[in-house]
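>>> Provided below are the primary sequence and the corresponding predicted coordinates.
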Amino acid sequence: MKKVGILTFHDEPNYGAFLQTYALYEAVKNLGYDVEIIDLRIKETYKFNFIVKLLSPIIRYFIFETARKKYLKRTVQTYHSSEELINNPPECDVYILGSDQVWNKDITSELKYSYFLDFIKESKMHFSYASSFGMNDWNFDNEETAIVKRLLSKFSSISVRETTAIDLCKDNCDLDATLVVDPALLISDYSKITGSITQKSKSMVCFKFTKGDSFYDFLREFQAKNIYNISILAKTLPVGNLKNIPVPTIKKWIKSIAQAEIVLTDSYHALIFSIIYKKQFVVLPANIKNFNRLSELLSDLDLSDRIFYSYGEVLKDDRWKSQIDYDKVNKLLAKKVDGSLSFLKKELSKY
């Protein structure tokens, strides 16, 4: 059985990072390959509040590391630098880079060229799956661009998660890229993690990166007006009289979305799981400049009307109450998923 090594952001204390890793791992396994995650550890770049910093060791281990140990096979060696990877690369027949913002040098920092697979021997085949720059503009300088272009030219094929990334590859590296879906959409059955799911009526779950007093004030007003039982998926303690689900496990995070009647989020992967479980949802952008991955997905599925640009808009505009036509959505999505799986099968079959 051929061995496939996947390099991505698997070690971040982030639900989306774990789930996209798990999904690609499972998708490749389901195609009949022996799969392992290349255990490259990246320095933490996320800014957390004081309480989360105190809880960070607990969050990292009991929520994320226990899930990685249970659901992923990782390389025996743990890598902490590009030099370690170059000097002793993991032995695989095929290497896949991605998904996630693996080409965002603001995240990868001194490991940036590792995420262009600079450690792979010339004879080894490799390609990217749903890799992302994480931004709309090219931010590599001339010297970096020359190195990135050289490394990408060695890929057998390049696939990306956003159309903006197609343009960035073409305009800056003169390379063609294929658009594919986020790996979390490649599989539809997460019951291995969640177990059974029971729907909760008149329930709303919120998962937002950007919060603050205005967010909590909005939830109180929304709850009073619409009589929903609201829960907040968070890494912090409860706020006021609002129900909180502090530091949820991976299982609890998915189940909370799957069981809710409606989801409110600014998270890409919370949106994806809302779609997987056919939820009604409201999307409130956290950062318009980096909103393209959410807006592209919603536009492609004819769901742009689920985007609201302020809390006041949600309170005043009742269009979120209209039921999403998931028969239509799933037909549109199936074409994208089928095309993405075909890309994955085709690339893996070359070796």
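Received it, and whenever you're ready, just let me know what you need. Since we're looking at a predicted model, the values are computed, not measured.

>>> Phe133: helix or strand, and which one exactly?
Counting by DSSP states H and E, Phe133 is held by no secondary-structure element, helix or strand.

>>> so it makes contact with Asp106?
No - assessed by C-beta atoms under 8 Å, Phe133 is found out of contact with Asp106, at 10.1 Å. Glycine gets a C-beta too; all of them are placed from N, C-alpha and C.

>>> and the closest residue to Gly16 other than its chain neighbours, helix, strand or coil?
In space, and not counting its chain neighbours, Gly16 is closest to His269: 3.4 Å by C-beta to C-beta, 6 or more residues apart in numbering. What DSSP: H, G, I helix; E, B strand; the rest coil gives for His269 is helix.

>>> which ones are touching His269?
Applying C-beta atoms under 8 Å, 6 or more residues apart in numbering to His269 gives the contacts Tyr15, Gly16, Leu19, Gln20, Asp182, Ala184.

>>> if I look at the first one, how far off is Thr249?
Here the distance between Tyr15 and Thr249 works out to 10 Å (C-beta to C-beta, to the nearest Å).

>>> surely Leu19 meets Leu185?
No - contact status for Leu19 versus Leu185: not in contact, 10.7 Å apart, counting by C-beta under 8 Å.

>>> name the surrounding residues that touch stretch 107-123.
Applying C-beta under 8 Å, 6+ apart, the contact partners of stretch 107-123 are 7, 9, 40, 42-43, 45, 81-82, 85-86, 89, 95, 97, 101-103, 105, 126, 134, 144, 147-148, 151-152, 154-155.

>>> if we go to 7 Å?
For stretch 107-123, the external contacting residues (C-beta atoms under 7 Å, 6 or more residues apart in numbering) are 7, 40, 42-43, 45, 82, 85-86, 89, 95, 97, 101-103, 105, 126, 147-148, 151-152.

>>> name only those of the residues you listed that count as buried.
7, 40, 42, 82, 85, 89, 95, 97, 101-103, 105, 126, 148, 151-152 (16 or more other C-beta atoms under 10 Å).

>>> now the helices: where do they sit in the stretch 101-250 of the chain?
Listed in chain order, the helices of the stretch 101-250 of the chain (DSSP state H, counting those that start in this stretch) span residues 105-108, 142-152, 163-173, 191-194, 213-226, 250-259.

>>> from the chain's centroid, how far away is the third one?
In this view, helix 163-173 has its centroid 20 Å away from the chain centroid, taken as C-alpha atoms, centre = their mean, to the nearest Å.

>>> give the contact list for the nearest residue to Leu186 once chain neighbours are set aside.
Nearest residue to Leu186, sequence neighbours excluded (C-beta to C-beta, 6+ apart): Ala27, at 4.2 Å. Counting by C-beta under 7 Å, 6+ apart, Ala27 touches Pro183, Leu186, Ile187, Leu344.

>>> how many neighbours does the third one have?
Translated: Ile187. 18 (other C-beta atoms under 10 Å).

>>> okay, it: pLDDT?
Per-residue confidence (pLDDT) for Ile187: 94.

>>> re the thing from before, what is the nearest of the buried ones among the contacts of stretch 107-123 to Phe291?
Nearest to Phe291, judged by C-beta to C-beta, of those is Gln101 at 13.9 Å.

>>> the closest one and Asn136, how far apart?
12 Å.

>>> and what of Thr21?
24 Å.

>>> Ser203 contacts Glu261, correct?
Yes - using C-beta atoms under 7 Å, Ser203 is in contact with Glu261, at 5.1 Å.

>>> for the stretch 1-150 of the chain, what spans make up the strands?
Remark: strands assigned in the stretch 1-150 of the chain by DSSP state E, counting those that start in this stretch are 3-7, 34-37, 94-97, 125-128.

>>> so which of these comes closest to Phe215?
strand 34-37 (34.4 Å).

>>> now for that closest one, which elements pack on it?
Contacts defined by 3 or more C-beta pairs under 7 Å, 6 or more residues apart in numbering; DSSP states H and E place strand 34-37 against strand 3-7, helix 15-30.

>>> what residues does that strand touch?
Contacts for strand 34-37 (C-beta under 7 Å, 6+ apart): 1-6, 10, 21, 25, 28-29, 72-75.
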